[in-house]
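# I'd like to go over a predicted model; first the sequence, then the structure.
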Amino acid sequence: MKKLLFFIFISLSYFSIAQQTVNDSLINVTGGLREINEDLFPGAVIYSGNGRKQVYVQHKGLEMWCDRAVLYQKDNFIRIFRNVQIHQGDSIKMNSEYAEYNGTSQLAFASGNVFMRNPETTLKTDTLFFNRIKQQAYYRSGGTVKDTASTLKSRIGRYFIKEKRYQFLDDVTVTNPEYKIDSNHLNFYTDTGHSKMYGPSTITSKTSTVYCERGFYDTRNDEGYFIKNSRIDYNNRTVKGDSLYFNRGRSFASATNNIVVTDTINKSVIKGHYAEVYRAKDSVFITKRAVAISIQDQDSVYIHADRLMVTGPENDRMVRGFYDVRLYKSNLSGKCDSIVTRQRTGLTKMITKPILWNGKSQMTGDSIHIQSNTLTERLDSLYVFNNAFIVDQDSSSGGFNQIKGKELIGKFNDSSHLEIIKINKNVENLIYSRNEKKELIGINKGTSGRMEILFENKEMTIITNYDNPDDKTYPPEELPENVRTLRGLKWRGDEKIISKEDLFKDKPKPILTPIQGIPLPDIEEDFFKKETPFNINKNSRLKEEDLKTRSTDTPDAIKEEKENEG
């Protein structure tokens, strides 16, 4: 008898375990009133909630509540109606007017005011597919996702539960009180608020527009970086570079490698390989082969320095250059340690060891100022302060025409060439005199209180001394070579900048910073792909074609369509 009872106990235990295993693979329904109506739902059991208690449905950890359920037990398929709730632990909570679920394929479909929640975001859409095996949700009829900072909309959306990532496709918009993102392919990570944009994308705000074809943006901290044809458009500046960084809260942007900053109002351009832009301060800092280019009298002016700063509002820009400054214009070039040029006054100041070349003349002094006409943008005048020295090389003798004094004032003609120079105080001169046949007839050496020089064809033609002139013309053979130079002469013709390429003469090419790229997105497996086709219950609202990805809904097809539209 004891053996018989033990056998029965063991058998019941195994049967209970087997039944539990079977039940776990089948959809279980409890609660509500149970009925069968073969005319209305052939082959199904109908469950209806009563009063406050809804029908409860469970399958492998998935819980569902509704006012009415229709279970096709043989097919392991259920349809649920009205006040539908579907929960998968804490990862997914969903409400809808209608849903259906296949216990074999573990595919759920919901429609009618679908509202899905996870710990970080909410989703509203009209229809939603949920593949429990892949742990992915998918919509293609338009959806709206909200997180703590932004609202995201797209025609197609796919949520990867384990990765906490959305893939948005086609007509994607991210709306924030401060900005709006438009894209056709954007990946959004719900736990961090990070987004990655692929293809043509823009971030628009009241103060700026960012464009890129691949980029990253932190939607909660308002900062990001962008590559591939990226640019930032401010009210009056455009910043381009191989890589751009942008921080809205700090009104700050930086650019790396092959940078072009264009001032759209003042027709100027700054180039280099590293730049910082402070929008609120209206300033730009640029280095690594930095060069500022502006248009004056239809002739570009280039200023190169180790570091350049452009500051000030649009009608009063100031350019400052520091260390090894080089200046080039088609008829004017120079060097100095630092430079300041101001748009409103048209004044350029060359500071510390300046040297200037105009035509055949070389000019030096403690500092040099160049004045432009602010209306015509042509060169107007030139000032050399303290230890002014002008020199040019005699055409055939190899000697140098030299004039020095305390200060120099020059006037430019309409062609931006010097037409007259006045040298004041403590003037000394050494001039090679030639006749009409350009034959050397003597060397004039003397002093005076001031001197005036007229130019023709970029050469000194008439030289007049004033205020106690004392000079003498020596036959060339009577003036030895060792007395043919004035104190302070330093000819630097080999340094003369004769083209814009000379701005970087004898300078090593900068080592460009490696750009940390944003890899292309992984090619996602088809949401509906399965080793065996989904079995569509004959009572389902879905059709066979509904469980296939339409050709128009793939990233490549959307990209091609937008390119054709463009």
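Cool, the structure landed. Everything numeric in this text was worked out from a predicted model, so none of it was measured.
# Pull the number of nearby residues for the residue lying closest to Asp299 once chain neighbours are set aside.
Excluding its sequence neighbours, the residue lying closest to Asp299 (Cβ to Cβ, 6 or more residues apart in numbering) is Ser330, at 5.3 Å. Backbone N, C-alpha and C define where each C-beta goes, glycine included. Neighbour count for Ser330, taken as other Cβ atoms under 10 Å: 13.
# Would you quantify the distance from Ser330 to Val301?
Going from Ser330 to Val301 by Cβ to Cβ, to the nearest Å gives 9 Å.
# got it, and Phe109?
Distance of Phe109 to Val301, given as Cβ to Cβ: 67 Å.
# Who does the spatially most central residue of the chain form a beta bridge with?
Nearest residue to the geometric centre of the chain (Cα atoms, centre = their mean): Leu244, 3.6 Å. Bridge pairing for Leu244 (DSSP bridges) gives the partners Phe226, Ala255.
# can you pull the contacts of it?
Val210, Cys212, Tyr225, Phe226, Ile227, Ser230, Arg231, Ile232, Ala253, Ser254, Ala255, Thr256 (Cβ atoms under 8 Å, 6 or more residues apart in numbering).
# and with 6 Å instead?
Shown in contact with Leu244 (Cβ atoms under 6 Å, 6 or more residues apart in numbering): Phe226, Ser230, Ala255.
# so Ser205 makes contact with Tyr179?
Yes - using Cβ atoms under 6 Å, Ser205 is in contact with Tyr179, at 4.1 Å.
# Test my guess that the residue nearest to Asp299 contacts Tyr302.
No - if you go by Cβ under 6 Å, Ser330 and Tyr302 don't touch, sitting 10.1 Å apart.
# The stretch 451-566 of the chain: helices as residue ranges?
For the stretch 451-566 of the chain, helices defined by DSSP state H, counting those that start in this stretch occupy the ranges 555-565.
# Please, where are all the strands along it?
Taking DSSP state E, counting those that start in this stretch as the test, the strands found in the stretch 451-566 of the chain are 459-466, 470-474.
# Same list (those strands) but as TSV, adding distance to Ser416.
Converted to TSV, those look like this (distance: least, Cβ to Cβ, whole Å):
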stretch	distance to Ser416
strand 459-466	16
strand 470-474	31
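# could you dump those strands to CSV with mean neighbour count, mean pLDDT and distance to Lys490?
Converted to CSV, these look like this (neighbours: other Cβ atoms under 10 Å; pLDDT from 0 to 100; distance: least, Cβ to Cβ, whole Å):
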stretch, mean neighbour count, mean pLDDT, distance to Lys490
strand 459-466, 14, 83, 19
strand 470-474, 13, 89, 23
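# so the helix or strand hosting Gly199 versus helix 555-565, what angle?
Taking DSSP states H and E as the criterion, Gly199 maps to strand 194-204. Angle, strand 194-204 to helix 555-565, by axes from the mean of the first three to the mean of the last three Cα atoms, to 10 degrees: 10 degrees.
# Show me which residues of the following helix or strand past strand 194-204 are buried.
Using DSSP H and E, the helix or strand that follows strand 194-204 in sequence is strand 209-218. For strand 209-218, the neighbour count (16 or more other Cβ atoms under 10 Å) marks Val210, Tyr211, Cys212, Arg214, Gly215, Phe216, Tyr217, Asp218 as buried.
# OK, contacts around Ile86?
Residues near Ile86 by Cβ under 6 Å, 6+ apart: Met64, Met94.
# so it, which of the three states?
Three-state call for Ile86 (DSSP: H, G, I helix; E, B strand; the rest coil): strand.
# pLDDT at it, what is it?
Reading off the confidence values, Ile86 has pLDDT 97.
# how close does it sit to Asn95?
Distance of Ile86 to Asn95, given as Cβ to Cβ: 8 Å.
# Alright, I will stop here.
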